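Chemist: Take this sequence and fold it.
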Amino acid sequence: MDKSKRPFLKSKRSFRRRLPPIQSGDRIDYRNMSLISRFISEQGKILSRRVNRLTLKQQRLITIAIKQARILALLPFLNNEKQFEKTESTTRTTTTGLITRKKIK
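Modeler: Sure thing, here's the model as predicted:
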């Protein structure tokens, strides 16, 4: 039988079911830093629900927990460690006595 003349047959591909990112015993709380840190990007942004593979209710709870942890200073609002390494500044005084900053690349 030619492939083009086959009636609508789907290929039987086996797929591995992904494990849910949040187990049933995990509590979504602002103090659970090991859980919260999995849903934050390197820059400190909250990852989307599609990327996290969470349900709508779980994503809302994660977002609230992350925002509470940021307000209580358990998490930084932004993670700019790479920017600080690249831009080093030196101070020098001019003849007028004002301090100017110069970027070194």
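
Chemist: gap between Pro76 and Arg53?
Modeler: 25 Å (CB to CB, to the nearest Å). Yep, even glycine has a C-beta here, placed from its N, CA and C like the rest.

Chemist: before we move on, what about Lys67?
Modeler: 21 Å.

Chemist: Do a quick rundown of the helices in this protein.
Modeler: For the chain, applying DSSP state H gives helices covering 33-36, 49-52, 56-71, 81-86.

Chemist: In CSV, list those along with mean neighbour count and mean pLDDT.
Modeler: Shown next, in CSV, are the helices of the chain (neighbours: other CB atoms under 10 Å; pLDDT from 0 to 100):
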stretch, mean neighbour count, mean pLDDT
helix 33-36, 14, 92
helix 49-52, 12, 92
helix 56-71, 16, 95
helix 81-86, 9, 56
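
Chemist: Distance to Glu42 for the ones you listed - can I get that in TSV?
Modeler: What follows is these, written out as TSV (distance: least, CB to CB, whole Å):
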stretch	distance to Glu42
helix 33-36	15
helix 49-52	13
helix 56-71	15
helix 81-86	9
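
Chemist: And the ones you listed: which comes nearest Ser14?
Modeler: Ser14 sits nearest to helix 49-52 of all the helices of the chain, at 23.7 Å, using CB to CB.
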